[in-house]
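Asker: predicted model and sequence below, questions to follow.
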Amino acid sequence: MTRSCSAVGCSTRDTVLSRERGLSFHQFPTDTIQRSKWIRAVNRVDPRSKKIWIPGPGAILCSKHFQESDFESYGIRRKLKKGTVPSVSLYKMRTREIVELN
Ligand SMILES: [Zn+2]
């Protein structure tokens, strides 16, 4: 199954083509504090429960949501620096959209 970016309004999919275009995909941190910072930054609402969305085990964000300075390079691989929180192209889910989903 192809994974997609979890950010609101972003539909980037984790495909060979995306990776060839220089995008990278990053799993939510396992560290509780760091993870909750990402959840707050993504600011997604679960349409069913209307509560804050909690990422599942395979949830990812694409590199569009991070600044160039957030990355460290290891050869051809890019890794996020420790303590990095997504800060780019993040949208708040509008109430209207949540209503429309029901
Ligand atoms: Zn994205």
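Answerer: Yep, it's here.

Asker: who touches the nearest residue to residue 38 once chain neighbours are set aside in this structure?
Answerer: Leaving aside its chain neighbours, residue 38 sits nearest to residue 28 (5.4 Å; criterion: C-beta to C-beta, 6 or more residues apart in numbering). Bear in mind the C-beta positions are built from the backbone N, C-alpha and C, glycine included. Residues counted as contacts of residue 28 (C-beta atoms under 8 Å, 6 or more residues apart in numbering) are 6, 35, 38, 39, 55, 59, 60, 61.

Asker: likewise residue 67?
Answerer: Residue 67 neighbours (C-beta under 8 Å, 6+ apart): 87, 88.

Asker: distance of it from residue 2?
Answerer: 26 Å (C-beta to C-beta, to the nearest Å).

Asker: what's the answer for residue 31, then?
Answerer: From residue 31 to residue 2 the distance is 27 Å (C-beta to C-beta).

Asker: more neighbours, the two?
Answerer: residue 31 (12 against 7; other C-beta atoms under 10 Å).

Asker: what pLDDT does that one get?
Answerer: Note for residue 31: predicted pLDDT of 95.

Asker: ditto for residue 39
Answerer: Residue 39 is assigned a predicted lDDT (pLDDT) of 95.

Asker: what of the one 5 residues further on?
Answerer: The predicted local distance difference test score for residue 44 is 91.

Asker: likewise for residue 73?
Answerer: Value for residue 73, per-residue pLDDT: 86.

Asker: how about it, secondary structure?
Answerer: strand (DSSP: H, G, I helix; E, B strand; the rest coil).
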